[in-house]
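> Okay, structure incoming, though there's no sequence with it:
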């Protein structure tokens, strides 16, 4: 490890609680948070704003090539513009899901994410952070929960943003996203063999964070000894 702080990855399906847990764990450890999903959403927002089709075209490649995506704390910037709130909509989520299947999109963002993580002391959250982005991460987690639980959580998130969503519709969207994420040919959602599985269905956020923090501390002790 060369004396640097460890890299921690948190993967899992939509609504498993990754975002909230990652934010709190990073804060507790004093680490930086890298929300890889937000980076993909930001790219999708930019593609939508430019009016480009979500297919691998010359126009899309040219657009992505000059794109600047920056994470500044909890804020997400595209070419200097704060789009944090604009990327959290069902429309952008659906477009993101389509764009993540394209090699040109992953070839743009994966190196950026690896560079951000290279110095250590970072928590990465997404769907392929422990399998593709940082396969050598010192601590890996895979968060999951029942479909019903994840749908209710996602519905609550939308409600907090003033977006009313029918539970059945949210459940259907998440199930479709699960299928697409786990069956796509490129960087599918999967649990890394050495990842710690955490089922958050019946756990509070604090309980999940406590459990993960203890595991990280044990690993840190081992690497320091």
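Structure received. Since the structure is predicted, the reported quantities are computational estimates derived from the model, not experimental observations.
> Going by length in residues, pull out the top helix of the chain.
Longest helix of the chain, by residue count under DSSP state H: helix 205-224.
> secondary structure class for residue 61?
Per DSSP: H, G, I helix; E, B strand; the rest coil, the local secondary structure of residue 61 is helix.
> Please give the number of neighbouring residues around the nearest residue to it once chain neighbours are set aside.
Nearest in space to residue 61, with sequence neighbours left out and distances taken as Cβ to Cβ, 6 or more residues apart in numbering, is residue 104 at 5.5 Å. The way it works is simple: take the backbone N, C-alpha and C, and place the C-beta from them, glycine included. Burial of residue 104 is recorded as 13 neighbouring residues (other Cβ atoms under 10 Å).
> try residue 184
The burial count for residue 184: 15, using other Cβ under 10 Å.
> I'd say it and residue 99 touch.
No: using Cβ atoms under 8 Å, residue 184 is not in contact with residue 99; the gap is 11.3 Å.
> low pLDDT regions in the chain?
1-2, 222-225 (pLDDT under 70).
> quick one, phi/psi of residue 73?
Main-chain torsions, residue 73, degrees, to the nearest 10: phi 70, psi -130.
> Next up, the contacts around the residue nearest the centre of the chain.
For the chain, the residue sitting closest to the mean C-alpha position, by Cα atoms, centre = their mean, is residue 126 at 2.3 Å. For residue 126, the contact set (Cβ atoms under 8 Å, 6 or more residues apart in numbering) comprises 9, 10, 11, 18, 35, 36, 37, 40, 133.
> Now, those that are in helices?
Checking the contacts of residue 126 against DSSP H, those in helices are 18, 36, 37, 40.
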